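[1] Okay, predicted coordinates and the sequence, questions at the end:
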Amino acid sequence: MRASLIQIAVDEGESVASRRQRAAALVREQAGADLVVLPELWTTGAFAFEEFEAAAEVLDGPTHEVMAKAASDAGVWLHAGSIPERAPEGAVYNTSLVFSPSGDLVASYRKIHRFGFDKGEAVLMGAGREPVTVPLPDTTLGLATCYDLRFPELFRSLVDGGAEILVIPAGWPERRRAHWTLLARARAVEDQAFVLACGTAGAHAGVPQAGHSIVVDPWGEVLAEAGHDEEVLTVEFDPGRVATTREQFPALKDRVLGLEAPRH
């Protein structure tokens, strides 16, 4: 499998419409890849809290339209990062979109763990409820977003759903970059899965971004890592290594906790 992570820069002087078109052009340049990934909330910036309400769009809104066309033009599976989604009942969610090579929306995932504690995303956006996996022809993706990376129980549920590649778009800040790398490798090791973690460059509402998108194999080895600036990180790997790793070191078979409902 060939995967390309587009570590796009968020420039506050660039309009959302312009960034959509620029992102679409970058996706089209990845023709020949199997999977392309964009970061979290790249249309607005993950820390641009005051923009969420005004920028929220319906699931089949302008970002859907532009990204569906880009996926189809490039002939790739596209994880189009996440957008502020306006749900029919009016709530706003941090929602990821996944498109097939024909441009069909095949999955969406509402971020379960919202960052901010008592402010920001945690109070401005609704919480997702369901883990989401996406079957591809030769493997299965498990979807998570940014702050989700700190909650290993989500990733266990994705593995239980068949996930072999964990895809994590993010707007991770520079000041916690060490955690980003550490947690990406930890999720890969404990779940014996590939981790594709795609961050952003630039700054979100004045918050410098970590960049350093990363691809980690099921043994925890870093296959590729981006720098701080905008770039496309491309790596080739064999999804079959997941099954091989789990067979050679069958730690997942020794799980005890979390497999049964607790007794009272």
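    Now that the structure is in, tell me what you want to look at.
[2] Check which helices and strands the lengthiest strand in the chain is in contact with.
    Looking across the chain with DSSP state E, the single longest strand is strand 77-86. Here strand 77-86 touches strand 35-37, helix 52-55, helix 62-74, strand 92-99, strand 165-169, going by 3 or more Cβ pairs under 8 Å, 6 or more residues apart in numbering; DSSP states H and E. C-beta coordinates here come from the backbone N, C-alpha and C atoms, glycine included.
[3] just checking, what packs against the helix or strand following the last one?
    Beyond strand 165-169 on the C-terminal side, the first helix or strand identified by DSSP states H and E is helix 177-191. Judged by 3+ Cβ pairs under 8 Å, 6+ apart, the packing partners of helix 177-191 are helix 152-160, strand 165-169, strand 194-198, strand 214-216, strand 222-225.
[4] Quick check: mean pLDDT of helix 177-191?
    For helix 177-191, the mean pLDDT works out to 98.
[5] buried stuff in it?
    Neighbour counts over helix 177-191 (16 or more other Cβ atoms under 10 Å) mark 177, 180-181, 183-189, 191 as buried.
[6] got it, and stretch 41-57?
    So, applying 16+ other Cβ under 10 Å, buried residues of stretch 41-57: 41-49, 51-52, 55-57.
[7] Leaving out the residues flanking it, which one is nearest to residue 236?
    Leaving aside its sequence neighbours, residue 236 sits nearest to residue 2 (Cβ to Cβ, 6 or more residues apart in numbering; 4.9 Å).
[8] Okay, that neighbour and residue 16: tell me how far apart.
    Remark: distance between residue 2 and residue 16 (Cβ to Cβ, to the nearest Å) = 29 Å.
[9] Which of the two has more residues huddled nearby?
    Neighbour count, other Cβ atoms under 10 Å: between residue 2 and residue 16, residue 16 has more, with 17 against 14.
[10] My guess is that one contacts residue 56. True?
    No: assessed by Cβ atoms under 8 Å, residue 16 is found out of contact with residue 56, at 11.5 Å.
[11] which one of the buried residues of stretch 41-57 is nearest residue 224?
    residue 42 (19.9 Å; Cβ to Cβ).
[12] For that closest one, give its distance to residue 79.
    If you go by Cβ to Cβ, the gap between residue 42 and residue 79 works out to 12 Å.
[13] what residue ranges in the chain are flagged as low confidence?
    259-264 (pLDDT under 70).
[14] neighbours around the spatially closest residue to residue 126 that is not a sequence neighbour, how many?
    For residue 126, ignoring the flanking residues on the chain, the nearest one in space by Cβ to Cβ, 6+ apart is residue 91 at 4.3 Å. Using other Cβ under 10 Å, residue 91 has 13 other residues around it.
[15] before we move on, back to that, how about the residue nearest to residue 236, phi and psi?
    phi -110, psi 120 (degrees, to the nearest 10).
[16] Same check on residue 253?
    Main-chain torsions, residue 253, degrees, to the nearest 10: phi -70, psi -20.
[17] Any idea how many residues pack against it?
    Neighbour number of residue 253 under other Cβ under 10 Å is 8.
[18] how about it, what does it touch?
    For residue 253, no contacting residues are found, by Cβ atoms under 8 Å, 6 or more residues apart in numbering.
[19] if we go to 10 Å?
    Contact partners of residue 253, counting by Cβ atoms under 10 Å, 6 or more residues apart in numbering, are 246-247.
[20] repeat for residue 28
    So residue 28 contacts 36, 69-76 (Cβ under 10 Å, 6+ apart).
[21] Just give me the closest of those residues to residue 226.
    Looking across the contacts of residue 28 and measuring by Cβ to Cβ, the closest to residue 226 is residue 36, at 14.3 Å.
[22] is it true that residue 174 touches residue 203?
    Yes: the criterion here is Cβ atoms under 10 Å, and residue 174 meets it with residue 203 at 8.9 Å.
[23] Need the residues touching each of the two.
    Counting by Cβ under 10 Å, 6+ apart, the residues touching both residue 174 and residue 203 are residue 209.
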